[in-house]
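Colleague: structure here, sequence nowhere to be found:
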């Protein structure tokens, strides 16, 4: 998700924060929610490993089998949906240029571990280690048991390309899509209504308007998951006191920008459904320390 989610000895950690199905009074939950979704790695752990690469996805899924992988979709010059956050390859690879101006072959020839560092540029331990930008189809097929949250980036044709890739991988039941652009969410819903969707800026605003009025009791969720920037709730004119009201409607809440032990424990204490973190290794340790197994 954009600005708006050391292997532990016990490699399989069962975590108590999880998206749950909607209550019986709501519409039936989409297939995405049939599995208990555990903690979520933002760009698959952008401060842990080279972000949004197939190798990182595989390492995360091996270390934490119940992790959900958050990533971002863009479209190459030759029309292939790939997983990369930025509009250019400059920040994360040894190449330069816009994703939209490069072919898949050109993009996959780049070293996506080239610029990753955890010590402010003193060392670059993942250069030449096989970290590569991946296509949506490749990632979904390589991790058939993993759930994904994929953001549709602001690029014409991206929503259509992403939905097609999800369908080609037969992964409609384990992907939830998100976007800042309401029109892209509408495109995705029209093409594949069975794929779960996050609330976008428009639907969040509409929900909050109802909640502040007199018709909240009659409100029915329009989307499947509410994802919020935990560090900027004021932007939504929302407070932590609103969380239980929303959850009571069967709307699970996922917050992002959770990268410190203090915030991780705070989210757990609030009883929110899940969190997106750039440090899945740290969150796993926090959960282990709390004995949430």
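Modeller: Structure's in. What do you need? As the structure is a prediction and not an experimental result, all values here were calculated from the model.

Colleague: wait, residue 221 touches residue 249, no?
Modeller: Yes - checked against CB atoms under 8 Å, the pair residue 221 and residue 249 is within contact range at 5.9 Å. Where C-beta positions appear, they are placed from N, C-alpha and C, glycine not excepted.

Colleague: list the buried residues of stretch 98-112.
Modeller: Residues of stretch 98-112 classed as buried by neighbour count (16 or more other CB atoms under 10 Å): 99, 102, 104, 106, 107, 108, 110, 111, 112.

Colleague: per-residue confidence at the second one?
Modeller: Each residue has a pLDDT score; the one for residue 102 is 99.

Colleague: got a list of what it touches?
Modeller: Counting by CB atoms under 8 Å, 6 or more residues apart in numbering, residue 102 touches 76, 77, 89, 95.

Colleague: let me know the closest of those to residue 56.
Modeller: The shortest distance between residue 56 and any of the contacts of residue 102, using CB to CB, involves residue 89 and amounts to 16.0 Å.

Colleague: which among the buried residues of stretch 98-112 gets closest to residue 284?
Modeller: Set against residue 284, the nearest of those by CB to CB is residue 112 (23.5 Å).

Colleague: can you get me a residue count around the nearest residue to residue 131 once chain neighbours are set aside?
Modeller: Counting by CB to CB, 6 or more residues apart in numbering, the nearest residue to residue 131 once its immediate chain neighbours are dropped is residue 113, at 3.3 Å. Around residue 113 sit 24 other residues, with neighbours defined as other CB atoms under 10 Å.

Colleague: model confidence for residue 113, exactly?
Modeller: Confidence per residue is given as pLDDT, and for residue 113 that number is 98.

Colleague: do I have it right that it meets residue 94?
Modeller: No - with contact defined as CB under 8 Å, residue 113 does not count as touching residue 94 (9.2 Å).

Colleague: now do the contacts for residue 57.
Modeller: Counting by CB under 8 Å, 6+ apart, residue 57 has contacts 44, 69, 134, 139, 142, 143, 146.

Colleague: and the gap between the last one and residue 158?
Modeller: Remark: distance between residue 146 and residue 158 (CB to CB, to the nearest Å) = 22 Å.

Colleague: so what pairs up with residue 98 in the strands?
Modeller: When bridges are taken as DSSP bridges, the partners of residue 98 come out as residue 88.

Colleague: my read: it touches residue 90, true?
Modeller: No - under the contact definition of CB under 8 Å, residue 98 does not touch residue 90, with a separation of 9.2 Å.

Colleague: and residue 187, what element?
Modeller: For residue 187, the enclosing helix or strand under DSSP states H and E is helix 182-191.

Colleague: buried sites along that helix?
Modeller: For helix 182-191, the neighbour count (16+ other CB under 10 Å) marks 184, 185, 187, 188, 189 as buried.
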